[in-house]
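Student: compute the structure for the input listed below.
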Amino acid sequence: MNIRVAALLLVTSAIGIVPGTLIAKSLPASWLGILIGGVTLAALAATVFLRKSKLFVGARGTGIAGALSGFMNVTAVVGGPPIAIYANSTNWEYKEYLATVQLYFAGLNVLSLLARGVPDLPTAGWAVAVGAAVAGLVIGNLLSSTINESVAKKAVLAIAGIGSLATVVQGVLTL
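Tutor: This is a model prediction of the structure:
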């Protein structure tokens with residue numbers, strides 16, 4: 001786990017959350033989804049095809065990834081794609097990536113909830129959400145040693161792409 005990277009991502013995500021919250025409150029959700037999903041798809045494509053991009057390199061790149069992730073998480077609940085792009089651009093070692101992003105996303109989601117407000121869910125809904133999060137951590141940790149790093153990196157990018165595309169589709173369908 002890289003605590004320094006997690007902290008930098010989290011601090012800069014808080015910066016991205018501020019304008020994201022303002023925009024999320026003023027732009028209709030459908031248009032917001034189309035905008036965020038489209039930008040993420042373009043960034044993913046650029047990362048895949050322009051692998052040597054310097055945008056996400058160094059502390060500045062970490063900060064950019066964090067700010068984008070915070071902005072996107074609070075606006076469209078898709079904070080993962082910028083982090084996947086960052087990981088791919090920097091050739092982040094898989095096991096360190098997994099441990100670091102678990103910590104980062106826990107903090108990011110708390111910040112996003114504070115910014116947008118805690119959803120009004122019934123007790124059963126909270127139980128399912130917490131249970132799913134715990135199950136995901138346990139299953140992920142159990143399977144992490146059996147997964148090929150190259151396959152995992154491709155899967156992360158594919159999932160980020162699918163999530164981004166789903167965000168665009170949901171936006172279009174709710175216009």
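
Student: can we go C-alpha only for contacts and neighbour counts from here?
Tutor: OK.

Student: show me the helices in this structure, by range?
Tutor: In the chain, helices defined by DSSP state H lie at 3-26, 29-49, 58-76, 80-90, 94-116, 123-143, 149-173, listed in chain order.

Student: adding mean pLDDT and mean neighbour count, write those out as CSV.
Tutor: Rendered in CSV, the data for the helices of the chain read as follows (pLDDT from 0 to 100; neighbours: other CA atoms under 10 Å):
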stretch, mean pLDDT, mean neighbour count
helix 3-26, 90, 19
helix 29-49, 79, 19
helix 58-76, 86, 24
helix 80-90, 80, 23
helix 94-116, 85, 17
helix 123-143, 86, 12
helix 149-173, 83, 17
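
Student: pull the distance from stretch 12-21 to the chain's centre.
Tutor: Centroid separation for stretch 12-21 versus its chain: 13 Å, with CA atoms, centre = their mean, to the nearest Å.

Student: other residues contacting that stretch?
Tutor: Contacts of stretch 12-21 from elsewhere in the structure, counted by CA atoms under 8 Å, 6 or more residues apart in numbering, are 63-64, 66-75, 108, 111-112, 115-116.

Student: wait, what's in contact with the closest residue to Val168 other than its chain neighbours?
Tutor: Once its chain neighbours are removed from consideration, Val168 has its nearest residue in Ile34; the separation is 4.3 Å (CA to CA, 6 or more residues apart in numbering). Under the criterion of CA under 8 Å, 6+ apart, the contact partners of Ile34 comprise Thr167, Val168, Val169, Gln170, Gly171, Val172.
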